[in-house]
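Peer 1: Output the structure for:
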Amino acid sequence: MYETARGRFDLYLLFFERALKSLRPGGRMVFITPEKFLYVETAEPLRRLLSRVEIEEIELLDEQSFDGLVTYPTITTVTNRPPTGPTLVRMRDRTERNWSGNFVSFQLARLVILMSQGTTMYFCCPPLSTM
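Peer 2: I've put the predicted structure just below:
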């Protein structure tokens, strides 16, 4: 029933998938989720779904966005149409980059590491030396 229900998955992946599949052609949605879907292996099915639509923006929010809790929230803006251009990636330090590439791969996680120097971030991806 759900493509994203594989292995030990987080429930938000199912909500993200359902929203994507319910979105009308040309429709737009914004989701606030943990950033983990960008790089964990279990979220690869979601990244595969996302690779079919226009990911307009990914904004990595400050870890302290929710009072008293250390979280890694991400705001993802998606339009239900084939990808047409780069994705705007807004980092925690407020710098911005345009990213183009295969969203299914771990390339975005590697890019985020490179762009986040000075910020402690943990990623599950191949070593940077393999880029």
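Peer 1: which residues in the chain form strands?
Peer 2: Assigned strands in the chain, in chain order: 28-34, 54-60, 73-79, 87-90, 96-99 (criterion: DSSP state E).
Peer 1: what's the first one in contact with?
Peer 2: Read that as strand 28-34. 10, 12, 15-16, 19-20, 23, 56, 71-80 (Cβ atoms under 8 Å, 6 or more residues apart in numbering). Where C-beta positions appear, they are placed from N, C-alpha and C, glycine not excepted.
Peer 1: Give me the buried positions along that strand.
Peer 2: Of the residues in strand 28-34, T33 count as buried by neighbour count, 16 or more other Cβ atoms under 10 Å.
Peer 1: Restrict that strand to CA atoms and write it as PDB.
Peer 2: Only the C-alpha atoms of strand 28-34 are listed here, as PDB (Å, rounded to 0.1, in the frame of the first residue of the first chain):
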ATOM      1  CA  ARG A  28       1.800  22.700  -4.200                       C
ATOM      2  CA  MET A  29       2.500  21.500  -0.600                       C
ATOM      3  CA  VAL A  30       4.800  22.400   2.200                       C
ATOM      4  CA  PHE A  31       5.800  19.900   4.800                       C
ATOM      5  CA  ILE A  32       7.700  20.300   8.000                       C
ATOM      6  CA  THR A  33       9.500  17.100   8.900                       C
ATOM      7  CA  PRO A  34      12.800  15.900  10.400                       C
END
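Peer 1: Sheet-wise, list the partners of it with their directions.
Peer 2: Its sheet considered, strand 28-34 pairs with strand 73-79 (antiparallel) by DSSP bridges.
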